[in-house]
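Engineer: Provided below for reference: sequence and predicted model.
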Amino acid sequence: MFLGNSVPDNEENTKLCICPTCPTYKKSNLSNNVFCARGKAKETVKTVNCICPSCAVYKKYLLDQLYYCTIGKSAEIQS
Ligand code: SF4
Ligand code: SF4
């Protein structure tokens, strides 16, 4: 069993996260970000189009999933 890479919840990653510009984020009125580090959004998520693969955090930590706002933090996801 392999889990996703662990993403630190820090200021740098918060600045790099592009979640707030994502269609899912806007459609669902989400309020947090860096879901790959912090885990699921507290709001109900209407999934539209996850843009995580375009994010610098995604590339930096070699992430391989989508919709962290619904599936939870990378380090807890089986891939
Ligand atoms: S990979 Fe996705 S959830 Fe993680 S920081 Fe980037 S846009 Fe946000
Ligand atoms: S995890 Fe993906 S779908 Fe969710 S808000 Fe961030 S970019 Fe959008």
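Structural biologist: The structure has been received and is ready for your questions. Ligands and ions are numbered 1, 2, ... in the order given.

Engineer: Around ligand 2, pick out the residues from the chain.
Structural biologist: Proximity of the chain to ligand 2 (C-beta under 6 Å from any ligand atom) is limited to residues C19, C22, T24, Y25, L30, F35, C50, I51, C52, Y67, Y68, C69. Bear in mind the C-beta positions are built from the backbone N, C-alpha and C, glycine included.

Engineer: Just the residues contacting the host helix or strand of the last one, thanks.
Structural biologist: For C69, the host element (DSSP states H and E) is helix 68-71. Taking contacts as C-beta atoms under 8 Å, 6 or more residues apart in numbering, the residues outside helix 68-71 that touch it are 19, 24-25, 28, 30, 35-36, 39-41, 45, 47, 52, 65, 74, 77.

Engineer: ditto for stretch 46-64
Structural biologist: Surrounding stretch 46-64, the residues in contact under the criterion C-beta under 8 Å, 6+ apart are 4-7, 13, 16-19, 21-24, 27-28, 34, 36-37, 65-68, 70, 74, 79.

Engineer: of the residues you listed, buried ones?
Structural biologist: The neighbour count (16 or more other C-beta atoms under 10 Å) marks 4, 7, 13, 16-17, 19, 22, 24, 28, 34, 36-37, 65-68, 70, 74 as buried among the contacts of stretch 46-64.
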